[in-house]
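Visitor: got a sequence here, can you build the structure:
(one chain, ligands or ions: 1)
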Amino acid sequence: MAKRNFLTLLDCSQEELNQLITRASDLKRKHLAGEPHQPLAGKTAALILAMNSTRTRVAFEAGMQQLGGHAIFLGTADTQIGRGEPIDDMAKVLSGMVDIAMIRTASHEDVELFAANADIPVINAMTSLYHPCQLLADMQTFIEARGPVEGRSVAFVGDGYNMCNSYINAARQWGFDLKIATPEGYEPDAGILQSTNNAQLAGDAREAVENADLVVTDVWSSMGHEEEQARRVAEFAPYQVNEALLDHAKDDALFMHCLPAHRGEEVNDTILDDPRSAVWEEAGNRLHSQKALMEFLLT
Ligand code: CP
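Guide: Okay, here's the model as predicted:
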């Protein structure tokens, strides 16, 4: 059977994505019940992280171990990646040694090049264009708490970067309506936005959040934009998610953030612990959804 990759949400059918979410919830129940489930015994994963990570790394490493396999962390500091070994060479070498690879690097083209040269399944662990693993956890979190996301209203407030692009793909795949509020000049990728009728730009944050079932934000200066921090803080100020903004959403709306968060910037000091916030459950679901994804690609 041909190997499958997970570089964007569009690499799976709508049916497969829903199966992944159902499976993630099953695996969560097994984990919480202490029920062993080790279908990946003897399998090895290479986890290539050219940028910092806490949640993604721990979810893949712990998840692989819980499924009976083993994950090898490959950072830039102590491998040949940091000394410029070509990414396509690395893909060919690792294909002879491990069963699956996850890769986080700024360039989405590098991940595509790696996947094209690998004989093993490849997972996008985040690029500047997409963060599809995070969307599996977000959709699992919403569906577990509120039921089907199809037909719901979702607001993305903040930087039109990789999380926003991924939410547009999610709107297309899960059939929800996405309203996006960004400052001028920080809109999501135009081609991705035009790929679906389910996502539209809103005039401001309040318009996007009005009657939403789910409100989502992300940091204003993602990895690679740190030098723009001061300018962005000024330009993004009207896009902070706080209780007053969330009050415009439905009474039972949820709030999500992929984390890490910058309190005082895209969120105020208290919203992460508001009763409407699902951020801690969302972070925990990274483990279960990434386990479901690895199981799907390897069995
Ligand atoms: N949300 C997320 O991807 O977290 P990390 O950068 O810590 O992996």
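Visitor: in this protein, which spans are strands?
Guide: Using DSSP state E, the strands found in the chain span residues 44-49, 70-75, 100-104, 122-124, 153-157, 177-181, 199-201, 214-217, 254-257.
Visitor: for residue 36, find the nearest of those strands.
Guide: strand 70-75 (15.9 Å; Cβ to Cβ). Yep, even glycine has a C-beta here, placed from its N, CA and C like the rest.
Visitor: is the closest one anywhere near the ligand?
Guide: No - judged by Cβ under 6 Å from any ligand atom, strand 70-75 stays clear of the ligand, getting no closer than 12.4 Å.
Visitor: cool, and stretch 212-230?
Guide: No - for stretch 212-230, no contact with the ligand is found by Cβ under 6 Å from any ligand atom; the gap never falls below 7.9 Å.
Visitor: dump that stretch to CSV, restricted to CA.
Guide: Provided in CSV are the C-alpha atoms of stretch 212-230 (Å, rounded to 0.1, in the frame of the first residue of the first chain):
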residue,chain,number,x,y,z
ALA,A,212,-19.6,32.4,17.5
ASP,A,213,-19.6,28.8,18.9
LEU,A,214,-15.8,28.8,19.1
VAL,A,215,-13.3,31.7,19.4
VAL,A,216,-9.7,31.1,18.6
THR,A,217,-6.5,33.1,18.7
ASP,A,218,-2.8,32.6,18.5
VAL,A,219,0.3,34.7,19.4
TRP,A,220,0.8,37.9,17.6
SER,A,221,4.5,37.2,16.9
SER,A,222,5.0,33.6,15.9
MET,A,223,8.4,32.0,15.7
GLY,A,224,10.4,33.9,13.1
HIS,A,225,8.6,37.2,13.7
GLU,A,226,10.2,38.1,17.1
GLU,A,227,12.0,41.1,15.7
GLU,A,228,8.6,42.6,14.7
GLN,A,229,7.2,42.3,18.3
ALA,A,230,7.0,46.0,19.2
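Visitor: hmm, residue 23 and residue 292 touching each other?
Guide: Yes - with contacts counted by Cβ atoms under 8 Å, residue 292 reaches residue 23, the gap being 4.1 Å.
Visitor: got any ranges where the stretch 1-150 of the chain has weak pLDDT?
Guide: Scanning the stretch 1-150 of the chain for pLDDT under 70 picks out no residues.
Visitor: up against the ligand, what does it have?
Guide: 53, 54, 55, 56, 126, 134.
Visitor: hmm, which of these are the buried ones?
Guide: 53, 55, 56, 126, 134 (16 or more other Cβ atoms under 10 Å).
Visitor: just name the closest of those to residue 75, please.
Guide: residue 53 (9.7 Å).
Visitor: nearest residue to that closest one other than its sequence neighbours?
Guide: Nearest non-adjacent residue to residue 53, counting by Cβ to Cβ, 6 or more residues apart in numbering: residue 104, 6.1 Å away.
Visitor: just the helices in this protein please.
Guide: 14-33, 55-66, 87-95, 108-117, 132-146, 162-174, 190-193, 205-209, 229-236, 243-246, 279-298 (DSSP state H).
Visitor: as TSV, those with distance to residue 268 would be great.
Guide: Output for the helices of the chain, formatted as TSV (distance: least, Cβ to Cβ, whole Å):
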stretch	distance to residue 268
helix 14-33	30
helix 55-66	22
helix 87-95	40
helix 108-117	32
helix 132-146	21
helix 162-174	19
helix 190-193	28
helix 205-209	13
helix 229-236	13
helix 243-246	8
helix 279-298	13
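Visitor: so which of the ones you listed is the most surrounded?
Guide: With neighbours defined as mean count of other Cβ atoms under 10 Å, these peak in mean count at helix 162-174, which reaches a mean of 25.
Visitor: pLDDT (mean, whole number) over that one?
Guide: Averaged across helix 162-174, the pLDDT comes to 98.
Visitor: quick one: residues in contact with that helix.
Guide: 8-10, 12, 14, 17, 126-132, 134-135, 138-139, 149-150, 154, 156, 158, 176-178, 180, 182, 188-189, 192-193, 195-196, 198-199, 216, 218, 222, 258 (Cβ atoms under 8 Å, 6 or more residues apart in numbering).
Visitor: ok, and the closest non-adjacent residue to the most centrally placed residue in the chain?
Guide: The centroid of the chain falls nearest to residue 134 when counting by Cα atoms, centre = their mean (1.9 Å). Closest residue to residue 134 apart from its sequence neighbours, by Cβ to Cβ, 6+ apart: residue 258 at 4.8 Å.
Visitor: list the contacts of that neighbour.
Guide: 55, 131, 134, 138, 163, 218, 282.
Visitor: quick one, phi/psi of it?
Guide: Phi and psi for residue 258, reported as degrees, to the nearest 10, are phi -70, psi -20.
Visitor: for it, give its distance to residue 194.
Guide: Distance of residue 258 to residue 194, given as Cβ to Cβ, to the nearest Å: 24 Å.
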